[in-house]
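>>> Take this sequence and fold it.
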Amino acid sequence: MGFARVGSSPALGTKRLQGDVAKWLRRRSAKPLFGGSIPPVASIIFVDIYILETAPRTIWYNILTVKIWYGVLLIALMLSTACGDGTPSTPKLEVTPDPDGMAGFTPTAIVEKIVAESTAKESTTLDSGPKINCVLNKEENQIACMSTNIKEGSQLKWTSTASDAYIEGSKWQFSIYEQPVGNVAQVFLDICQGSTCQTLETSIDTSELGSMGMHKDTILEAAATPTGPTPKKPLLAPPVLNLPFTTDHEPVGMMPMGETILHPATPDNPGGHPGIDFQWPFQAEIIAATNGEVIEIRTSKPHESLLYFVLVMSGDFVVTYDVLDLYSFNPDLDVGSKVLSGQVMGYGEIASSDDVWTSMHWSFGQWRPGTGKPSPEGVVEKFIVDYMCPVPYFSETERLRLFRLWDSAIYPDAGEFKGAELRKRFPEVCNGPYKNY
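Prediction:
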């Protein structure tokens, strides 16, 4: 078959070439594959094959013009297909007004949902240890927390540097009373299994609250009338306690808080014994359990020796010490004096007729101003203490130490009751309404 010469007229050469290719394809029965028509891209491919089989090598370069025109045609077809009818198109946007399904939720519910979802994601990790997760709800000045991977039967207690409140349970949502120091609020979860405890801690960035604390004070001041009651001052963060004795002077006997046999309930102390008694078969030094300031010193002579009842304030909380020889160790101590943790306060008082056993009544709680009226004993109390169980306020190390001592402590007999029987009736360091751990 002859080859159509191209070069002087590209259009005419192309037309002839197409005719020659069509005839060549009919011989090879290629046309039926395309239903009677040959797509442009296929035409180019067949032209190349046709030329390779039929054209002399010397005129291959004359085909270059045809290949250029077919390239232009192919680009035009592609642009036409992409642009359609030439009408500018606008992309369709799928608008989802509430992608997280939060429509209708209150801010509190949104926070709880976020905490729950975040907690669920964390629970899928390989770490199966206990965890806490907290988020800030700045609209309501609140922090919401949840715990996960807690063993069944665990006793939980939440505390925070941003609140005076505390609560038991697997979750906690609380209001922030004032802007935390350094714009960081710390949340603690004490987890106890029997006498074994651990404390989890997390920090929450509260910088988004800005001057929230100042704004809150302004609102309270504006709301109060000149003759109305003064708004209640939010409590300061509680102190971290240590036991009031060194490891060299650990007691061998204890009388727990909430015991009601030797310390029956009274109107002032309806829960029974309002503190913990530590007992030694020797003279033991009593030390300060935390830093503070002396706010009151009372005296009495229960066993012919002058006993000092010292109240040491730490923020809105108070620790009390019943000691002998206060001024032997602290000759200049007075109301307003500073007390440092670990400072020797005195000795425990005599607890037996043979002067072998000594004891100290030790208590912790929140203080409030006294009535100024004398008690039935004739003592004018400048301050009143609302006693609390100190267990949750100890550092973890000291709390474990306290439980160790309690497990092995001698429980004294009380009248017709033997120590072992009393131990069964009052099995905890803090019993009855005082128990808060």
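>>> List phi and psi for Thr161.
With angles defined as degrees, to the nearest 10, Thr161 sits at phi -70, psi -10.
>>> Excluding chain neighbours, what is closest to it?
Excluding its sequence neighbours, the residue lying closest to Thr161 (Cβ to Cβ, 6 or more residues apart in numbering) is Gln186, at 4.6 Å. Bear in mind the C-beta positions are built from the backbone N, C-alpha and C, glycine included.
>>> Please give the number of neighbouring residues around the one you found.
17 (other Cβ atoms under 10 Å).
>>> Surely Leu136 touches Ser207?
No - if you go by Cβ atoms under 8 Å, Leu136 and Ser207 don't touch, sitting 9.6 Å apart.
>>> Mind listing what's buried along the helix or strand hosting Met146?
Using DSSP states H and E, Met146 sits in strand 142-148. Across strand 142-148, burial judged by 16 or more other Cβ atoms under 10 Å covers Gln142, Ile143, Ala144, Cys145, Met146, Ser147, Thr148.
>>> Buried residues of the lengthiest strand in the chain, list them for me.
Criterion DSSP state E: the longest strand present in the chain is strand 358-369. Across strand 358-369, burial judged by 16+ other Cβ under 10 Å covers Thr358, Ser359, Met360, His361, Trp362, Ser363, Phe364, Gly365, Gln366, Trp367.
>>> Within its sheet, name the partner strands of it and how each one runs.
If you go by DSSP bridges, strand 358-369 pairs up with strand 276-280 (antiparallel), strand 317-323 (antiparallel), strand 349-350 (antiparallel), strand 383-387 (antiparallel).
>>> counting contacts, what elements does the strand holding Met146 pack onto?
With contacts defined as 3 or more Cβ pairs under 8 Å, 6 or more residues apart in numbering; DSSP states H and E, strand 142-148 has these neighbours: helix 107-122, strand 131-137, strand 155-160, strand 171-175, strand 184-193, strand 196-205.
>>> ok, the fourth one: who's next to it in the sheet?
What it means is strand 171-175. As defined by DSSP bridges, the strand partners of strand 171-175 come to strand 142-148 (antiparallel).
>>> now the strand it pairs with and strand 155-160, what's the angle there?
150 degrees (axes from the mean of the first three to the mean of the last three Cα atoms, to 10 degrees).
>>> hmm, back to that, quick one: which of the helices and strands packed on strand 142-148 is nearest Val252?
Closest approach to Val252 among those is made by strand 196-205 (22.0 Å; Cβ to Cβ).
>>> Which residues does that closest one contact?
130-136, 143, 145, 147, 162, 183-191, 396, 399-400, 403 (Cβ atoms under 8 Å, 6 or more residues apart in numbering).
>>> Flag the shaky bits of the stretch 301-437 of the chain, pLDDT-wise.
Applying pLDDT under 70 to the stretch 301-437 of the chain picks out residues 353, 355, 376-377, 414.
>>> Tell me where it has helices.
Remark: helices assigned in the stretch 301-437 of the chain by DSSP state H, counting those that start in this stretch are 326-329, 396-408, 419-425.
>>> TSV for those, including distance to Asn291 and mean neighbour count?
Shown next, in TSV, are the helices of the stretch 301-437 of the chain (distance: least, Cβ to Cβ, whole Å; neighbours: other Cβ atoms under 10 Å):
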stretch	distance to Asn291	mean neighbour count
helix 326-329	17	15
helix 396-408	15	15
helix 419-425	34	13
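>>> so which of these gets nearest Phe278?
Taking Cβ to Cβ, helix 396-408 is the member of the helices of the stretch 301-437 of the chain nearest to Phe278, at 8.5 Å.
>>> what's the angle from the closest one to strand 196-205?
Here helix 396-408 runs at an angle of 160 degrees relative to strand 196-205 (the same axes, to 10 degrees).
>>> just to revisit the earlier point, roughly how far apart are the residue nearest to Thr161 and Met257?
27 Å (Cβ to Cβ, to the nearest Å).
>>> cool, and Leu340?
From Leu340 to Met257 the distance is 26 Å (Cβ to Cβ).
>>> now swap in Phe426 and tell me
Applying Cβ to Cβ to Phe426 and Met257 gives a distance of 9 Å.
>>> Tell me which of those two has more neighbours.
Met257 (29 against 21).
>>> Grab the nearest non-local neighbour of the more buried one.
Nearest to Met257 is Cys430, by Cβ to Cβ, 6+ apart, at 4.3 Å.
>>> Could you do Pro374 as well?
Val380 (5.0 Å).
>>> I'd guessed the one you found sits against Gly372; true?
Yes - if you go by Cβ under 8 Å, Val380 and Gly372 touch, sitting 6.5 Å apart.
>>> Of the two, give the one with the bigger neighbour count.
Using other Cβ under 10 Å, the more surrounded residue of Val380 and Gly372 is Val380, with 11 against 8.
>>> quick one: contacts for that one?
Applying Cβ under 8 Å, 6+ apart to Val380 gives the contacts Gly370, Gly372, Lys373, Pro374.
>>> ok, of those residues, which come out buried?
In those, burial by neighbour count holds for no member, counting by 16+ other Cβ under 10 Å.
>>> Identify, from these, the entry nearest to Ala288.
Ranked by distance to Ala288 (Cβ to Cβ), these are led by Gly370 at 22.8 Å.
>>> wait, the closest one sits on Glu381?
Yes - between Gly370 and Glu381 a contact is recorded at 4.0 Å, counting by Cβ under 8 Å.
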